[in-house]
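Undergrad: The amino acid sequence is not available; the structure is as follows:
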């Protein structure tokens with residue numbers, strides 16, 4: 001027999017099933033593995049589960065309620081105490097409502113009863129596991145995003161202050177703002193110390209907040225900051241609006257421009273570095289206007305591509321009709337950009353008609369506050385990769401054809417024991433039809449019952 005790694009197993013969910021009933025564990029394994037997306041590991045009690053958690057990583061824990069030593073609720077509570085944040089599902093024969101309530105109050109991600117029709121019971125369990133893991137991944141991604149934002153906020157060299165526009169209060173600021181103003185954050189927030197002169201005037205704040213609520217941002221303003229020591233610093237202040245906990249807030253970024261020459265030089269160097277980085281990449285990067293899709297910016301790889309394929313020297317301000325050689329191609333390009341405005345971000349494989357090449361393209365809408373001003377496009381030539389994939393498929397087809405003609409039986413199964421491929425000789429010798437021995441057939445049924453365990 002030929003055994004190969006299941007292609008889908010890389011995306012399978014690892015489940016730790018904790019139950020003192022060996023028959024339940026066996027049934028769960030047989031049913032859940034038939035789904036093809038679960039890898040099942042067992043533990044007979046909470047203590048054994050903790051040992052396995054030290055050695056392995058799991059996507060979800062499915063636990064019984066009544067077990068020797070610690071019950072399911074004790075197990076869940078200890079997981080929380082140890083700050084082990086794996087999704088937890090209680091799967092028990094106990095149908096008492098108070099157990100479910102306690103489990104959910106302790107942070108369980110689901111509660112399912114073993115009793116009932118197996119198809120219904122395990123169907124609900126499969127759905128519950130899938131939803132719990134998906135929700136946990138979303139939660140982890142959100143936490144990671146929040147942590148990244150907090151790190152950027154705390155470590156930014158630009159002073160940042162946050163205003164609650166409805167309450168007309170400053171609610172937060174970062175370390176750079178503290179250093180710039182000379183006041184600690186606690187004192188700024190508790191005593192509402194508004195070090196920016198224009199911001200200290202209620203009427204000025206009212207006008208600024210009104211502008212932010214309308215357009216989402218305000219033009220950069222050059223303001224004076226009075227520090228704790230009485231020093232007056234000239235700062236560039238940028239304001240933008242953002243919703244936090246359902247309330248409109250203003251984010252104020254301030255930069256000390258008292259020594260403007262040094263600051264401007266640093267900005268020029270940063271621009272040069274960014275342009276150098278963008279122009280040194282082999283991938284094409286360009287942007288178009290969100291209003292009429294005229295070309296805004298482009299890197300060297302993009303310029304070289306159009307020069308090579310169309311003998312066209314592109315420049316900022318060119319329209320789609322000027323860039324594309326035919327009216328049909330121009331319309332096709334405009335539709336792709338309109339799709340980006342609808343969807344925000346999307347990726348496609350784009351077959352060029354100018355020359356037989358395939359581009360992998362990502363469209364990303366560019367915004368400032370609520371205003372969409374452009375669309376950034378990242379393109380990579382994947383023609384050679386596609387050719388390699390096609391060659392691999394052709395090789396695979398030849399292999400299948402060769403094996404199908406062998407006089408011996410050939411079975412190809414995945415690591416779950418499911419049939420992936422059989423040759424014609426196997427149908428003849430086993431007596432199974434093609435429909436009966438189809439992809440997904442459990443190969444254990446071809447082994448005598450007394451030899452299946454071995």
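TA: That came through fine. Only a predicted model underlies this, so the values are computations on that prediction, with no experimental measurement involved. Residues are numbered from 1 along each chain as shown.

Undergrad: Give me the residue at the spatial middle of the protein.
TA: Centroid check for the chain by CA atoms, centre = their mean gives residue 141 as the closest residue, at 6.5 Å.

Undergrad: And the host helix or strand of that one, what does it pack against?
TA: Secondary structure from DSSP states H and E places residue 141 in helix 118-155. In this structure, helix 118-155 makes packing contacts with strand 13-18, helix 22-34, strand 60-63, strand 88-92, strand 110-113, judged by 3 or more CB pairs under 8 Å, 6 or more residues apart in numbering; DSSP states H and E. Glycine gets a C-beta too; all of them are placed from N, C-alpha and C.

Undergrad: how about 6 Å then?
TA: If you count contacts as 3 or more CB pairs under 6 Å, 6 or more residues apart in numbering; DSSP states H and E, helix 118-155 packs onto strand 60-63, strand 110-113.

Undergrad: So which bits of whatever helix or strand comes next after that helix are buried?
TA: Using DSSP H and E, the helix or strand that directly follows helix 118-155 along the chain is strand 159-164. Across strand 159-164, burial judged by 16 or more other CB atoms under 10 Å covers 159, 160, 161, 162, 163, 164.

Undergrad: Does strand 159-164 pack against any helices or strands, and if so which?
TA: Contacting strand 159-164 under the criterion 3+ CB pairs under 6 Å, 6+ apart are the following elements: strand 169-173, helix 175-181, strand 247-256.

Undergrad: okay, those in JSON lines with mean neighbour count and distance to residue 154 next?
TA: Shown next, in JSON lines, are those (neighbours: other CB atoms under 10 Å; distance: least, CB to CB, whole Å):
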{"stretch": "strand 169-173", "mean neighbour count": "18", "distance to residue 154": "11"}
{"stretch": "helix 175-181", "mean neighbour count": "20", "distance to residue 154": "6"}
{"stretch": "strand 247-256", "mean neighbour count": "19", "distance to residue 154": "14"}
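
Undergrad: returning to that earlier point: could you single out the nearest of the buried residues of strand 159-164 to residue 289?
TA: residue 160 (30.0 Å; CB to CB).

Undergrad: now that closest one, which residues is it bridged with?
TA: Assessed by DSSP bridges, residue 160 has beta-bridge partners residue 253.

Undergrad: Between the helices and strands packed on strand 159-164, which one is closest to residue 135.
TA: Residue 135 lies closest to strand 247-256 among the helices and strands packed on strand 159-164, at 25.9 Å (CB to CB).

Undergrad: Okay, domains of this protein per the record?
TA: For the chain, automatic domain parsing gives the domain ranges 2-144, 156-258, 263-381, 401-451.

Undergrad: Out of the ones you listed, the one nearest residue 392 is which?
TA: The nearest among those, by CB to CB, is domain 2-144 at 13.1 Å.

Undergrad: average pLDDT for the closest one?
TA: In this model, domain 2-144 carries a mean pLDDT of 83.

Undergrad: hey, where'd the strands end up in the stretch 151-300 of the chain?
TA: Secondary structure of the stretch 151-300 of the chain, counting by DSSP state E, counting those that start in this stretch: strands at 159-164, 169-173, 217-226, 232-244, 247-256, 284-289, 295-298.

Undergrad: other SSEs contacting the third one?
TA: In this structure, strand 217-226 makes packing contacts with strand 232-244, judged by 3+ CB pairs under 6 Å, 6+ apart.

Undergrad: The strand it packs on: partners in the sheet, and parallel or antiparallel?
TA: Applying DSSP bridges, one finds strand 232-244 paired with strand 217-226 (antiparallel), strand 247-256 (antiparallel).

Undergrad: what angle do that strand and strand 169-173 make?
TA: If you take axes from the mean of the first three to the mean of the last three CA atoms, to 10 degrees, strand 232-244 sits at 100 degrees to strand 169-173.

Undergrad: Hmm, residue 153 and residue 174 touching each other?
TA: Yes: counting by CB atoms under 6 Å, residue 174 touches residue 153, with 5.4 Å between them.

Undergrad: ok, these two, which is more surrounded?
TA: residue 174 (22 against 16; other CB atoms under 10 Å).

Undergrad: Name the nearest residue to the more buried one, sequence neighbours excluded.
TA: residue 160 (4.6 Å; CB to CB, 6 or more residues apart in numbering).

Undergrad: Output the helices and strands packed on strand 159-164 in JSON lines, with mean pLDDT and distance to residue 328 appended to each entry.
TA: Shown next, in JSON lines, are the helices and strands packed on strand 159-164 (pLDDT from 0 to 100; distance: least, CB to CB, whole Å):
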{"stretch": "strand 169-173", "mean pLDDT": "89", "distance to residue 328": "53"}
{"stretch": "helix 175-181", "mean pLDDT": "91", "distance to residue 328": "53"}
{"stretch": "strand 247-256", "mean pLDDT": "88", "distance to residue 328": "45"}
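
Undergrad: Rebuild these as a markdown table, extending it with distance to residue 113.
TA: Below are those laid out as a markdown table (distance: least, CB to CB, whole Å):
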| stretch | distance to residue 113 |
| --- | --- |
| strand 169-173 | 46 |
| helix 175-181 | 52 |
| strand 247-256 | 42 |
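
Undergrad: Now do the contacts for residue 68.
TA: For residue 68, the contacting residues are 20, 45, by CB atoms under 6 Å, 6 or more residues apart in numbering.

Undergrad: typed the wrong thing, it's residue 176
TA: 156, 157, 159.

Undergrad: quick one, what contacts the closest residue to it other than its chain neighbours?
TA: Nearest residue to residue 176, sequence neighbours excluded (CB to CB, 6+ apart): residue 159, at 4.4 Å. Contacts for residue 159 (CB under 6 Å, 6+ apart) come out as 176, 177, 180, 254.

Undergrad: My understanding was that the second one contacts residue 158; is that so?
TA: Read that as residue 177. No: assessed by CB under 6 Å, residue 177 is found out of contact with residue 158, at 8.6 Å.

Undergrad: Would you map the strands across the stretch 351-454 of the chain?
TA: So, for the stretch 351-454 of the chain - with DSSP E, counting those that start in this stretch - the strands run 358-368, 371-381, 411-413, 419-422.

Undergrad: can you list the weak-confidence ranges in the stretch 151-300 of the chain?
TA: The stretch 151-300 of the chain contains residues with pLDDT under 70 at 260-264, 267.

Undergrad: redo that, cut-off 90
TA: Across the stretch 151-300 of the chain, the ranges flagged by pLDDT under 90 are 151-158, 161, 164-171, 188-226, 230-284, 286.

Undergrad: in stretch 26-34, what's buried?
TA: In stretch 26-34, counting by 16+ other CB under 10 Å, buried: 28, 29, 31, 32, 33.

Undergrad: Reformat these as TSV; add distance to residue 316.
TA: TSV is the format used below for the buried residues of stretch 26-34 (distance: CB to CB, whole Å):
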residue	distance to residue 316
28	62
29	62
31	61
32	57
33	58
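
Undergrad: Tell me how many other residues surround residue 346.
TA: With other CB under 10 Å as criterion, residue 346 counts 14.

Undergrad: Spatially nearest residue to it (excluding sequence neighbours)?
TA: residue 363 (5.7 Å).

Undergrad: Test of understanding: give the bridge partners of the one you found.
TA: Bridge pairing for residue 363 - DSSP bridges - gives residue 346, residue 377.
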